[in-house]
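Student: Here is a sequence together with a model predicted from it:
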Amino acid sequence: RVLFRSHHSPEFFIAKLRYILSRYPHIYNIVIDDDAYMFLPVSLIREFAAKYKRDFDIPFFISGVIPASVESTKFEALMGSGMIKLRIGIQSGNTRVMKEVFVRPLHDEKMFTASEIAYRNRKQLAPVQYDLIVDNPWETPEELKDTLRLVHRLKPPYTFAINSLTLLPGTTIYKMGEIG
């Protein structure tokens with residue numbers, strides 16, 4: 001398994017991957033670990049997908065898809081070149097919590113789009129992994145129910161990574177915890 005963060009051109013990525021695979025031919029899965037990967041323009045994603053499909057026969061997984069970046073054309077290009085799994089961060093299904101705590105808009109319609117794409121391609125894709133955050137002191141039980149309602153609307157199959165909110169020093173959310 002190889003992890004990549006993709007802040008380079010598709011050609012650079014392919015060349016780097018080719019080098020790694022020449023040194024470690026036993027690699028059987030590639031992970032593109034980049035929250036912003038799906039924000040790349042469609043043209044770059046299509047270029048990467050075409051070159052990847054031409055040069056490699058190794059499935060890959062995109063880790064950390066932000067719902068706002070979901071576009072069916074991007075998913076289709078990547079699935080056609082070997083993407084077999086993706087992970088999407090939900091965090092919370094409540095608009096206030098997303099805006100005030102995580103400082104992100106809630107893109108529930110984009111999540112439903114991704115869910116629908118995955119459902120239509122369930123024979124090719126492993127179940128989507130959705131990331132949820134619990135133990136959030138700024139989220140009320142009623143707001144947590146919004147997350148459950150959102151999750152209930154996703155199409156199976158899927159898996160969840162349930163993460164306990166951790167306040168890391170130096171982050172905005174940590175400072176919120178210091179204030180009270």
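Tutor: On my side now, so go ahead. Residues are numbered from 1 along each chain as shown.
Student: Show the low-confidence segments of the protein, by residue range.
Tutor: Using pLDDT under 70 as the threshold, the predicted model of the chain has low-confidence ranges 1-7, 180.
Student: can you give me the helices in it?
Tutor: 10-23, 42-55, 72-81, 95-96, 108-120, 141-152, 172-179 (DSSP state H).
Student: right, and those helices - which one's nearest residue 160?
Tutor: Distance to residue 160, taken as C-beta to C-beta, is lowest for helix 141-152 among the helices of the chain, at 7.7 Å. Where you see a C-beta, it was placed from the backbone N, CA and C, and this is true even at glycine.
Student: Not counting its neighbours along the chain, what's nearest the most centrally placed residue in the chain?
Tutor: Per C-alpha atoms, centre = their mean, the C-alpha nearest to the average position across the chain is that of residue 65, at 2.2 Å. Leaving aside its sequence neighbours, residue 65 sits nearest to residue 88 (C-beta to C-beta, 6 or more residues apart in numbering; 4.6 Å).
Student: pretty sure the one you found is in contact with residue 114, am I right?
Tutor: Yes - using C-beta atoms under 8 Å as the test, residue 88 is close enough to residue 114 to be in contact (5.7 Å).
Student: joint contacts of the two?
Tutor: The contact sets of residue 88 and residue 114 overlap at 65, 67, 70, 128 (C-beta atoms under 8 Å, 6 or more residues apart in numbering).
Student: What about those, which one has the most neighbours?
Tutor: Neighbours here are counted as other C-beta atoms under 10 Å. On that basis the top member of the shared contacts of residue 88 and residue 114 is residue 65, with 28 neighbours.
Student: Tell me which residues touch the residue lying closest to residue 150 once chain neighbours are set aside, please.
Tutor: Nearest in space to residue 150, with sequence neighbours left out and distances taken as C-beta to C-beta, 6+ apart, is residue 93 at 3.3 Å. Under the criterion of C-beta under 8 Å, 6+ apart, the contact list for residue 93 reads 106, 108, 146-151.
Student: which of the residues you listed count as buried?
Tutor: Burial by neighbour count, 16 or more other C-beta atoms under 10 Å: within the contacts of residue 93 this picks out 106, 108, 146-147, 150-151.
Student: and which of those residues is nearest to residue 28?
Tutor: residue 151 (31.0 Å).
Student: Now for the contacts of residue 93: which two are most distant?
Tutor: Of all pairs drawn from the contacts of residue 93, the one with the largest separation by C-beta to C-beta is 106 and 148; the distance is 14.4 Å.
Student: Count the neighbours of residue 94 for me.
Tutor: 23.
Student: and the residue nearest to residue 65, how many residues sit next to it?
Tutor: As a burial measure, residue 88 scores 25 neighbours (other C-beta under 10 Å).
Student: Same check on residue 75?
Tutor: By other C-beta under 10 Å, the residues close to residue 75 number 23.
Student: Contacts only, for it.
Tutor: Contacts were defined as C-beta under 8 Å, 6+ apart; by that measure residue 75 touches 83, 86, 114, 117.
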